[in-house]
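Participant: model this:
(4 chains)
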Protein chains: 2
Amino acid sequence: MTLSARPIETAAHDRLYRSLRQQIMHGELLPGQALTLRGLGKAHGVSMTPAREALRRLVAEGALTLSSSGRVATPELSNDRIEELAALRALIEPELAARALPRAHLALIDRLAAINTSNAEAVAKQDAVAYIRTNLEFHRTLYLRAQAPAMLAVIETIWLQLGPTMRALYGRVQRNEPPRHHRMILAALRAGDEPALRLAVRTDVTHGLRHLAG
Amino acid sequence: MTLSARPIETAAHDRLYRSLRQQIMHGELLPGQALTLRGLGKAHGVSMTPAREALRRLVAEGALTLSSSGRVATPELSNDRIEELAALRALIEPELAARALPRAHLALIDRLAAINTSNAEAVAKQDAVAYIRTNLEFHRTLYLRAQAPAMLAVIETIWLQLGPTMRALYGRVQRNEPPRHHRMILAALRAGDEPALRLAVRTDVTHGLRHLAG
DNA sequence: CATGGGAAAACGTGATCACAAATTCCACCT
DNA sequence: AGGTGGAATTTGTGATCACGTTTTCCCATG
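Facilitator: As a prediction, this is how the structure comes out:
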C-alpha cells in the first residue's frame, strides 16, 4: 500500500491541495465549513499524512483558518477584513492590467470577450460557482499577459481568501446584472488606454465587494 | 516519547516554523541553502513530521523553493523576480504608511527613531543580519499602526521571499550609508504630510532593491 | 587527468500507531 | 422541561517505518 514519490504523476498531497484550492477559490465551500484530516483522507482515499500537508499549505495561504485547537475550517471574514482584501485587489490588479496592456493583442481580447459571455450565462443561470469561476478566469487570463508571476501569485492568494465569502455573498449583491465593468475593461484594452484600463479594473474589483461591508 | 498537542505551549511544528521564518526573513540563510526533513528534525530534536509541516508552510509562503524532486532550499531569485517583489513593496507599503499616518503619535515616532538608531549601528558594525532585522522592524512598527492585518501579512510574505537575497546583496549595495530615507519618513510623519510620506516610503523601498537588478 | 557508471547514502512520501486534548452526546439530576 | 456532568467519540500531533527515487561519492575506464 505504500505509494512513495512517483516519477511522473503528482504527489497525493499535491492533488488534494489543488482540488481543495479550486473548490475554495470558486466558492464551492461555504464560510465556516470544517475540514478534518481523517475526513478528507477518507474522502480521497489517502491517509492523514497527505491531507495534513494539503491543509497546512492552504492555511499558510490564508485559504483556511486554524482554530486554537488546531481545527481547520473555511474562514468567516469580518467586514474589515473584506474591505482590506478589496483594497489589496484595487491596489494590485490595476497594476497587473497595466503591465498586460502592451502585450494584449486582439486574440487575447477575443478570448476575454468569450469568457465574458460565459460569465453572463452564469449570471442568467443564477449559478454562483460558475459566475465566480468565469469572473476570476477573466481577470487571470488578462493578468497572465503581465509576465509578473509574483504579483499573480499574490492576487490569487487574495482571491483564495475571498472565495467562501464571495459565494456566501452571491445573491445578495449579484441580482441579475451582467459584468458591466468587464466591457469597460475590454474597451480600454482595445483603445490601448492605460488610465481608463486602470480605472475600469479598479472599479470592477471594488464594485462587487464594497457594497456588502457598508 | 510521544509528545502530542500541549495545552499551553505551541506545537513543535509551529516553533520550528517560527524559528526558520525568522532566520529566513532576517537574512541568516544564504540563497540556495538546502534544508532536509531529517536534518532539521535532528537539529531541533524532533521527528520528520513537524519538520515537514514547517517546511510545507514556508514553501507555501514562498519563503522556500521546492525542486522537482521535492527537495527544499532557500530561493535564488532572478532579477526579474526581485524587481517584481520590489514593485509589490512599492505598491503596498506606501498604502500601509498612509493608513498608519493618522494614528502615528509622538510615542510611535520616537520608537521609530530609536529603531533607526539601532539600524545605523548595524551599518557601522557591518552586521548584515542586524541591519536587515532593524530595517524591517522600522517598517513593521509603522505599519502595525495601519490596523490592516491582511496587508501586513502580504507584505511580510514578500519580505520573507526577499530575505536570503537581501542578505546576499548586503555589502554590494550597502556600503556605509545610513538609512537616508528613514529620516524622510520620520519627517513626513511629524509633519502629517501624506504625499511626502508615500513618496519617502516608496523611495526607501525601491532604493535598496533597484540597483542590483540593473 | 578527465569521465562515465554503479554502489551506497540520503531524501521525500505515505501509512500507521499512540497519545492527549477537544468535542459531542446522552443520561441524570434539579 | 432545562441545564449539568461525565463518558465516549472525534480530532490534531508526533514518532516511526517502509518504499522508491534522487543524489552523492568513488573507483575503474578511456
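
Participant: measure the closest residue to DNA strand D within chain A to B:V46 for me?
Facilitator: Residue nearest to DNA strand D within chain A (Cβ to the nearest atom of the strand): A:G70, separated by 2.6 Å. In this view, the C-beta of every residue, glycine as well, is placed from N, C-alpha and C. Shown here: A:G70 relative to B:V46, a distance of 17 Å by Cβ to Cβ, to the nearest Å.

Participant: With A:R103 instead?
Facilitator: According to Cβ to Cβ, A:R103 and B:V46 sit 48 Å apart.

Participant: try A:E177
Facilitator: Distance, A:E177 to B:V46, using Cβ to Cβ: 54 Å.

Participant: So which of these two has more stuff around it?
Facilitator: It is B:V46, of A:E177 and B:V46, that has more neighbours when counted by other Cβ atoms under 10 Å in any protein chain shown, with 17 against 11.

Participant: what's the more buried one sitting at in phi/psi?
Facilitator: phi -130, psi 170 (degrees, to the nearest 10).

Participant: Find me the pLDDT at it, would you?
Facilitator: In this prediction, B:V46 carries a pLDDT score of 97.

Participant: low pLDDT regions in chain A?
Facilitator: For chain A, applying pLDDT under 70 flags the ranges A:1-8, A:171-176, A:210-214.

Participant: Please parse chain A into its domains.
Facilitator: Domains of chain A are assigned by automatic domain parsing as A:12-73, A:79-213.

Participant: hmm, stretch A:184-199 in reach of chain B?
Facilitator: No - Stretch A:184-199 is not in contact with chain B by Cβ under 8 Å from any Cβ of the partner chain; minimum separation 12.3 Å.

Participant: Show me what that stretch is in contact with.
Facilitator: The contact list for stretch A:184-199 (Cβ atoms under 8 Å, 6 or more residues apart in numbering or on different chains) reads A:94-95, A:97-98, A:101, A:104, A:108-109, A:112-113, A:116, A:142, A:200-201, A:203-204.

Participant: make it 7 Å
Facilitator: For stretch A:184-199, contacts defined as Cβ atoms under 7 Å, 6 or more residues apart in numbering or on different chains pick out A:P94, A:A97, A:A98, A:L101, A:A104, A:I109, A:L112, A:A113, A:A200, A:V201, A:D204.

Participant: so where does the closest residue to the fifth one other than its chain neighbours fall, helix or strand?
Facilitator: Nearest residue to A:A104 in three dimensions, chain neighbours excluded: A:L189, at 5.0 Å (Cβ to Cβ, 6 or more residues apart in numbering or on different chains). Per DSSP states H and E: A:L189 is located in helix A:180-191.

Participant: what's the next secondary structure element after that helix?
Facilitator: Taking DSSP H and E, what comes next after helix A:180-191 is helix A:194-213.

Participant: now the angle from the helix holding A:L189 to helix A:194-213?
Facilitator: Calculated by axes from the mean of the first three to the mean of the last three Cα atoms, to 10 degrees, helix A:180-191 forms an angle of 170 degrees with helix A:194-213.

Participant: give me every residue that touches the most centrally placed residue in chain A.
Facilitator: Nearest to the mean C-alpha position of chain A, by Cα atoms, centre = their mean, lies A:W159 at 3.6 Å. By Cβ under 7 Å, 6+ apart, the contact set of A:W159 is A:M25, A:L136.
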